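Novice: Take a look and give me a structure for this.
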Amino acid sequence: MDAANSATAASSSATSDAVKGEGNHMESVSGDLETNCWGCGLRVLVSRTASVFKCGWCGAITKQNVARIDSNSTRFRRLRDQCFVSIVLLFMLFFTCAGMWAVNPIIFSVSYFVGFLHITLAAILSISTLSSFCLAAFRSAGTPPMILWGSYPAVGKGGLENHTYCHFCSKPKPPRAHHCRSCGMCILDMDHHCPFIGNCVGAGNHRPFILFLISTVISTLYVALMTSFAALHIWPPLEDRHVGIIGGVVSTEFVYRVLKDNVLSFLRSAVFLSARGLVLVYLFISSVSLGIGLSVLLWQQLSYIYVGKTYLSQLSAVDSEETTERDCQNLVRFFDCPYNAAVYLPSYWKSGKSHRK
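Specialist: Numbers count the residues shown, from 1 in each chain. Below you'll find the model as predicted:
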């Protein structure tokens, strides 16, 4: 009986702390609604108009009136992601095989040493791109750790600080975690959901995703250089037109006419390209366009890592007064480089300065 009374007294004391405490504790006001905290189970008094409240004991945040999504949309998103991953893998396989078929004979005709060097570089880039893609696509993006919740004796004071309740997973969600509707689960340090890898980019696969972008950008640059080199060797000869200069004066109209004739001659000669030449042109255009797009995405990702944020946390911090430290040490820690690697960075990069968002 004494144990029950002491437990009741402890529960009442915890409830009193949650309702009448200071700082993050909730204060009781007339006309409030009595409800239970999902984190510790203690009763708290909240305003009837409050859509969000925080427990003063465990620190859990409750968001009321959260609408659930239809499970059919989740199944459709997963099917879409599987289609995208299949298309990307087939495109990578076609890019590699078509590049080897179109470029290798021309490179080996120049020199066997250059040919073997080209095959080695192409194999390294292909393996690194494919392996990093598989790690980013098939590795877990990062699930939040298991934590005790639901009852007062098990949850200590501040044990669920700033945790929210995920109504889809039916478990606590850490502050930097987000629920992904496509994956149907909470992702720790979620950056975004990428349909092209069929997976979220989070704490578990953010580094392989960045390495995949770096490897792909380098690969597209290499493909653009090699296809342009090979295309110039098999391009049909242009029409030879001699244009004389009258009076030794070169006008703008004359330069424009010469450029126009050369471009038209270049396009007319493309009609006589062989199948190998058409494949080289397609590979060049695809690699340049793909490289530009992925370079922009890579720059955006590295800029977020530089300030120690993800894409979603950057969006949530736009209107806040959060102070972040912009430093290349964030990049060093992200790639898990040795700490003394920062010695080789420029001095103005190593200076950690706080910026107000």
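Novice: can you pull the pLDDT of Leu273?
Specialist: At Leu273 the predicted local confidence, pLDDT, stands at 76.
Novice: typo on my end, Lys350
Specialist: Note on Lys350: pLDDT of 46.
Novice: next one: His179
Specialist: His179 carries a pLDDT value of 88.
Novice: so it is in which element?
Specialist: strand 177-180 (DSSP states H and E).
Novice: what sits up against that strand?
Specialist: Here strand 177-180 makes contact (Cβ atoms under 8 Å, 6 or more residues apart in numbering) with 141, 144, 166, 168-169, 173, 185-190, 193, 200, 312. All C-beta spots, glycine's among them, are computed from the backbone N, C-alpha and C.
Novice: Name the next helix or strand downstream of that strand, please.
Specialist: Following strand 177-180 in sequence order, the next helix or strand is strand 185-188 (DSSP H and E).
Novice: Using CSV, write out every CA atom in that following strand.
Specialist: Taking Å, rounded to 0.1, in the frame of the first residue of the first chain, the C-alpha atoms of strand 185-188 are listed here in CSV:
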residue,chain,number,x,y,z
MET,A,185,9.1,5.1,-42.4
CYS,A,186,10.9,7.8,-40.4
ILE,A,187,14.4,8.7,-41.6
LEU,A,188,17.1,10.1,-39.3
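Novice: from the chain's centre, how far out does it sit?
Specialist: Its chain's average C-alpha position is 14 Å from that of strand 185-188, according to Cα atoms, centre = their mean, to the nearest Å.
Novice: After that strand, which helix or strand is next?
Specialist: Following strand 185-188 in sequence, per DSSP H and E, is strand 192-194.
Novice: could you say what helices and strands that next one packs with?
Specialist: Secondary-structure packing of strand 192-194 (3 or more Cβ pairs under 8 Å, 6 or more residues apart in numbering; DSSP states H and E): strand 199-201.
Novice: For whichever helix or strand comes after the strand it packs on, what does the pLDDT average out to?
Specialist: Beyond strand 199-201 on the C-terminal side, the first helix or strand identified by DSSP H and E is helix 206-234. The pLDDT scores in helix 206-234 average 94.
Novice: So which elements touch helix 206-234?
Specialist: Where contact means 3+ Cβ pairs under 8 Å, 6+ apart, helix 206-234 is packed against helix 71-110, helix 112-138, helix 275-306, helix 329-334.
Novice: give me the low-pLDDT residue ranges for the protein?
Specialist: In the predicted model, the chain carries pLDDT under 70 at residues 1-32, 48, 64-72, 236-251, 254, 261-262, 265-270, 317-325, 337-357.
Novice: one more time with 50
Specialist: Scanning the chain for pLDDT under 50 picks out the ranges 1-30, 339, 341-344, 347-357.
Novice: thinking again about what came up before, what distance separates the strand holding His179 from the middle of the whole chain?
Specialist: How far strand 177-180 lies from its chain's middle: 14 Å, per Cα atoms, centre = their mean.
Novice: That one pairs with which strands, parallel or anti?
Specialist: When pairs are called by DSSP bridges, strand 177-180 turns out to pair with strand 185-188 (antiparallel).
Novice: Which residues does the strand it pairs with contact?
Specialist: Contacts with strand 185-188, where a contact means Cβ under 8 Å, 6+ apart, come from 141-144, 166, 169, 171, 173-174, 176-180, 200, 202-204.
Novice: Can you say which of those are buried?
Specialist: The neighbour-count test (16 or more other Cβ atoms under 10 Å) applied to the contacts of strand 185-188 identifies 141-144, 166, 173-174, 176-180, 200, 202-204 as buried.
Novice: which of those sit farthest apart?
Specialist: Cys166 and Gly204 (17.7 Å; Cβ to Cβ).
Novice: Could you report the separation of the closest residue to Pro105 other than its chain neighbours from His233?
Specialist: Nearest residue to Pro105, sequence neighbours excluded (Cβ to Cβ, 6 or more residues apart in numbering): Arg276, at 8.0 Å. Using Cβ to Cβ, to the nearest Å, we find Arg276 at a distance of 11 Å from His233.
Novice: next one: Phe95
Specialist: Using Cβ to Cβ, we find Phe95 at a distance of 21 Å from His233.
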